[in-house]
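>>> need a 3D model of the following:
(one chain, ligands or ions: 1)
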Amino acid sequence: MSTQPKSFDYIVAGGGTAGSVLAARLSEDPSISVLLIEAGKNDSHPLIHIPIGFAKLTAGPFQWGFVSQPQKHAKDRRIPLAQGRVLGGGGSINAQVFTRGAREDYDNWEKKFGAKGWGSDQMMHYFIKSEDNERLSGKYHGNGGPLGVSDLVNPHPMTKAWVQAGQQMGLPYNSDFNGESQYGIGYYQTTTRGSRRCSASVGYLKPARNRPNLTIITQGHVKKILIENKRATGVEVIINKRVVTFNSQREVIVAAGAYGSPKILQLSGIGDPADLKAARVEVVHSLVGVGKNLQDHCDLDIIYSIKDYLSLDKYAKPRFHTIKAGAEYVVFRKGPLASTAVEGGMFSYSNDKEKTPNLQFHFLPAAGIEAGVVGAKPGYGVTLNVYLVRPESRGTMRIASSNPLEAPLIDPNYLATDYDLEATVEGLRQMREIMGQPAMAQHVTAEHLAGNAELTNKDSYIQFARSFGRTSYHPVGTCAMGVGDEAVVDPNLKVYGIEGLRVADSSIMPAINSSNTQAPTVAIAEKASDLILGRKPNI
Ligand SMILES: Cc1cc2nc3c(=O)[nH]c(=O)nc-3n(C[C@H](O)[C@H](O)[C@H](O)COP(=O)(O)OP(=O)(O)OC[C@H]3O[C@@H](n4cnc5c(N)ncnc54)[C@H](O)[C@@H]3O)c2cc1C
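You can find the predicted model right below:
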């Protein structure tokens, strides 16, 4: 540590998806010095890089272990909220599903929230810039970007049956969920390259790691931002139980995710005075929106036993076929280990008023592999889940105390509105409908509803949703971009009222995108890099 410089042009707090992109892009100019600080470890563990490793990563050492506050509209349950704590952040432990949401999401950011310059055309520029798609090209896709995107190497027979079942139900086959429309059923593309996970750490940071102007600190916990006369001048970081100060000559960029970023702001005295007072933190700058506007996708799962084919559960424990599968992966980069587990995808509507699909489904040819999925039975099976992509429910996130190592108080406030419940119930109904189609029904031996629930009428569906809804790991919105009292950052991602300070990650989304959240976060960080460096893209 002692030989490390203590002053940098830019300090990026949080080395997850956005932080990796920012550090790589900002350090492209050799005259600019960049410090990236990540609380977790390096992303060197093999499980991170083998696609099926996702099955083991939603619990364990590479996530923060957050648990929600009791959920008022979900039977007062405290729900586990896995979030990445490792270089690459969520991108190092996620399911690698590659989706971007609907164009309308970003036009809405611009029109409804005043996020000027963040409409769909601008976001498309950064989606394309970031992407290296192995199959698709043209107006919706990029080739040669840092983020590898691939087709599933060998979709599981159960996934194929499920995709056929959806077509039997009347949905169109969709070969590109990031093309003209999300509507339909098909196979997800994944953020993998050569059958290995391609997180932002792998795609962006790895090629940049040897640059002399880029310093990366892992296992460094950003305690607070140093602020003098309403200007950010650096950060305090806990490293090996010691507090170390780093100075920024130009800016501090907070990229610690939807829970980490508002936490760092609040610990620095930036936030709603009521929240800061409750945590005994002195108010440096009042900004009421910090930690408000929390949005997440509330996921519901159903597990099914199947007969003819063995699902991926076959490989859950070390046995002969696991060793065989390991050899197949090492030699040919194929087989069960090359699967991300989340193979099949579907977007549909819960009602006929929506302009774009508002329900998203994931099909896994495995039974309940994610932590927090209730109802997995011994034996082999498949899992189907659904969530409403544009929930109305809004939650909060605030620090519990001035102790930077204490977990924050997170209240996603799941299922707080009638619309959210109605849509989720309709999603559950559609899950059962698709599983009843001939292509799938021929394989299914039993439906295993968590808690041995019986879904017979609307109320039983509602009770099921309230009893078993869980996170889909997509928290956003807690440092919302826009104009107005609750906005935290302006459309240049500058924190209102403080010089030399930006937030650039999933927390700045004013409204959640209509799908998984990694690709939009990468695009946000790409655009942030241009904004910081004053580069004007040709759009
Ligand atoms: C289990 C899981 C599955 C998911 N599946 C998918 C999927 O299939 N497809 C998809 O598109 N999206 C998925 N997501 C969501 C996606 O990964 C996230 O939206 C994305 O990673 C958010 O990026 P971010 O940079 O905002 O935050 P993160 O990637 O979470 O990065 C924040 C980083 O900051 C670090 N940090 C926090 N506080 C501090 C501090 N005080 N000091 C230093 N460092 C700190 C964290 O450790 C973390 O590494 C999933 C997420 C998870 C957790």
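>>> next, the buried residues of the helix or strand where residue 462 lies.
Residue 462 belongs to helix 458-468 when assigned by DSSP states H and E. Of the residues in helix 458-468, 461, 462, 464, 465, 466, 468 count as buried by neighbour count, 16 or more other Cβ atoms under 10 Å. Glycine gets a C-beta too; all of them are placed from N, C-alpha and C.
>>> likewise stretch 385-397?
When neighbours are counted by 16+ other Cβ under 10 Å, the buried residues of stretch 385-397 are found to be 385, 386, 387, 388, 389, 390, 391, 393, 394, 395, 396, 397.
>>> can you pull the contacts of the fourth one?
When you say that, I think you mean residue 388. Residues touching residue 388, when contacts are defined by Cβ atoms under 8 Å, 6 or more residues apart in numbering, comprise 297, 298, 350, 358, 359, 420, 423, 424, 427.
>>> beyond the worst-scoring helix or strand of the chain on mean pLDDT, next helix or strand please.
Of all the helices and strands that make up the chain, helix 320-332 has the lowest average by mean pLDDT, DSSP states H and E, namely a mean of 85. On the C-terminal side of helix 320-332, the closest following helix or strand by DSSP H and E is strand 344-348.
>>> and residue 9, how close does it get to the ligand?
Distance of residue 9 to the ligand, computed by Cβ to the nearest ligand atom, to the nearest Å: 19 Å.
>>> can you list the strands that whichever strand in the chain runs longest pairs with?
Of all segments of type strand in the chain, defined using DSSP state E, the longest is strand 242-254. Strand pairing for strand 242-254, determined by DSSP bridges: strand 7-13 (parallel), strand 231-239 (antiparallel), strand 501-503 (parallel).
>>> residues contacting the shortest one, please?
The reference is to strand 501-503. Outside strand 501-503, the residues that touch it by Cβ under 8 Å, 6+ apart are 225, 227, 231-232, 251-255, 261, 265, 479, 488-489, 492-495, 528, 532.
>>> pLDDT below threshold where in the stretch 1-150 of the chain?
Counting by pLDDT under 70, the low-confidence segments of the stretch 1-150 of the chain come to 1-4.
>>> residues from it in reach of the ligand?
Contact residues of the stretch 1-150 of the chain with respect to the ligand, defined by Cβ under 6 Å from any ligand atom, are listed as 13-19, 37-40, 58, 82-85, 89-91, 93-97.
>>> just checking, which of those belong to helices?
17, 18, 19, 90, 91, 93 (DSSP state H).
>>> give me the buried entries from those.
In those, burial by neighbour count holds for 17, 18, 19, 90, 91, 93, counting by 16+ other Cβ under 10 Å.
>>> ok, the nearest residue to the fourth one once chain neighbours are set aside - contacts?
To tie it back to what came earlier, the one meant is residue 90. Closest residue to residue 90 in three dimensions, ignoring its sequence neighbours and counting by Cβ to Cβ, 6 or more residues apart in numbering: residue 84, at 4.1 Å. Contact criterion Cβ under 8 Å, 6+ apart gives 16, 40, 62, 63, 64, 90, 91, 92, 93, 94, 257 as the residues in contact with residue 84.
>>> ok, the residues you listed vs residue 218, which is closest?
For residue 218, the closest of those turns out to be residue 40, at 6.7 Å, with distances computed as Cβ to Cβ.
>>> from residue 203, how far off is the closest one?
Note on residue 40: its distance to residue 203, by Cβ to Cβ, to the nearest Å, is 18 Å.
>>> how about residue 391?
The spacing between residue 391 and residue 203, counted by Cβ to Cβ, is 30 Å.
>>> again, but for residue 396
Separation of residue 396 from residue 203 (Cβ to Cβ): 33 Å.
>>> around the ligand, pick out the residues from the stretch 351-500 of the chain.
Selection of the stretch 351-500 of the chain residues close to the ligand by Cβ under 6 Å from any ligand atom yields 473, 474.
>>> hey, where'd the strands end up in the stretch 351-500 of the chain?
359-364, 381-388, 396-398, 409-411, 444-448, 470-471 (DSSP state E, counting those that start in this stretch).
>>> would you list those strands in TSV and tack on mean pLDDT?
As requested, those are exported to TSV (pLDDT from 0 to 100):
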stretch	mean pLDDT
strand 359-364	98
strand 381-388	96
strand 396-398	98
strand 409-411	98
strand 444-448	93
strand 470-471	97
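>>> turn these into JSON lines, including distance to residue 160.
Formatted as JSON lines, the strands of the stretch 351-500 of the chain follow (distance: least, Cβ to Cβ, whole Å):
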{"stretch": "strand 359-364", "distance to residue 160": "10"}
{"stretch": "strand 381-388", "distance to residue 160": "12"}
{"stretch": "strand 396-398", "distance to residue 160": "40"}
{"stretch": "strand 409-411", "distance to residue 160": "38"}
{"stretch": "strand 444-448", "distance to residue 160": "15"}
{"stretch": "strand 470-471", "distance to residue 160": "27"}
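>>> of the ones you listed, which is nearest residue 337?
If you check each of these against residue 337 by Cβ to Cβ, strand 359-364 wins as the nearest, at 15.0 Å.
>>> quick one: contacts of the closest one?
Applying Cβ under 8 Å, 6+ apart, the set of residues contacting strand 359-364 from outside is 95, 97, 99, 158-159, 162, 182, 188, 297, 312, 341-350, 382-389, 423, 426-427, 430-431, 434, 514-516.
>>> partners of it, with directions?
Take DSSP bridges as the rule and strand 359-364 pairs in its sheet with strand 344-348 (antiparallel), strand 381-388 (antiparallel).
>>> check contacts around residue 480.
Under the criterion of Cβ under 8 Å, 6+ apart, the contact list for residue 480 reads 113, 289, 292, 293, 486, 487, 488, 489, 507, 508, 509, 510.
>>> and the residue of the chain that's closest to the ligand?
residue 16 (1.7 Å; Cβ to the nearest ligand atom).
>>> tell me the contacts of residue 346?
Residue 346 makes contact with 166, 171, 184, 185, 186, 359, 360, 361, 363, 434 under the criterion Cβ under 8 Å, 6+ apart.
>>> thank you, goodbye.
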